[in-house]
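Novice: 3D, please:
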Amino acid sequence: MWLKIMPFDATFCEIVASQEVKNDLDAYFSFMTPGAIYNPRCRPDANGRRGWDGKIRLFSFATGKIYFGLIPEIVRLANFKNWKIDYSDLVFHEFDKESLTEYCTNFKKNNPGTVFEARDYHVKALFKAAKNGRNTYLSATGSGKSAMIFLLCDYFKDKKIKRNAKEGFYFGLVLIIIGFILDGILFTVGAIAGGTQFDVLAYYTSPFFWAALVLVVITTTIVGAVKGKK
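Specialist: Next up is the predicted model:
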């Protein structure tokens, strides 16, 4: 038996699976509502039919939708039942505990205008949320829930800018390598076709040539960083 987990929106993911797997998911992710037997909707009507069986179902059998935060439970169930599971379409944020901890502990120092200082429980909660993709927390008023949301968003935004800038830098290097290859081809073709000899050494030692290369790398890096901010 098999199932595939695909992203649907910011809240739900979509399960595509065999009929047997869907039946198991429906049974596993449903529970009786406390006091449901006293709910008028659960009482049989004049024909003996019930409008509601009293169960809350987290998995929709009809649409295949289920909350994103339940993915770890789905994976555990799939491993227990030896289902083949595919979640290659899901996108997970790249992070490491050390960099996240350093970012949180240094947040107040790097932002002199703020009065918020990350505590140990903030860092632990953020690490778990980043690891699982999302989490639900019950926390007291004034404990820093909004600050944790901001820290997590700002952390991944900063990583995205740095990652895109790095990709832009490497893209600039690739362009330079391609340019060297094309130059070599053009110099050779030009020398053969025109019967003239080009001063390659003077060309490559020109300060304008190296300034152009540096400009290419800087431009691609800046473009990558600006793209990361969006």
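Novice: and the closest residue to residue 17 other than its chain neighbours, what does it touch?
Specialist: Spatial nearest neighbour of residue 17, excluding adjacent residues (C-beta to C-beta, 6 or more residues apart in numbering): residue 3 at 3.6 Å. Quick note: C-beta positions are derived from backbone N, CA and C, even for glycine. For residue 3, the contacting residues are 15-18, 21, 25, 74, 78, 83-86, by C-beta atoms under 8 Å, 6 or more residues apart in numbering.
Novice: If you count neighbours, what's buried in stretch 69-88?
Specialist: 69-71, 74, 77-78, 83, 85, 87 (16 or more other C-beta atoms under 10 Å).
Novice: End to end on it, go ahead and measure it.
Specialist: 17 Å (C-alpha to C-alpha, to the nearest Å).
Novice: sorry, back to before: in a strand, the residue nearest to residue 17, correct?
Specialist: Yes - assessed by DSSP: H, G, I helix; E, B strand; the rest coil, residue 3 belongs to a strand.
Novice: what's the spacing between it and residue 22?
Specialist: Distance, residue 3 to residue 22, using C-beta to C-beta, to the nearest Å: 8 Å.
Novice: what's the overlap in contacts for those two?
Specialist: residue 15.
Novice: re the thing from before, now, which of the buried residues of stretch 69-88 sits nearest residue 105?
Specialist: Nearest to residue 105 out of these is residue 69 (C-beta to C-beta; 26.7 Å).
Novice: isn't that closest one right up against residue 135?
Specialist: Yes - here residue 69 reaches residue 135: they are 6.8 Å apart, a contact under C-beta atoms under 8 Å.
Novice: quick one: residue 76 and residue 221, what's the gap?
Specialist: With C-beta to C-beta as the criterion, residue 76 and residue 221 are 42 Å apart.
Novice: if we can go back for a sec, of the buried residues of stretch 69-88, which pair is most distant in space?
Specialist: Farthest pair in the buried residues of stretch 69-88, by C-beta to C-beta: 69 and 83, 19.8 Å.
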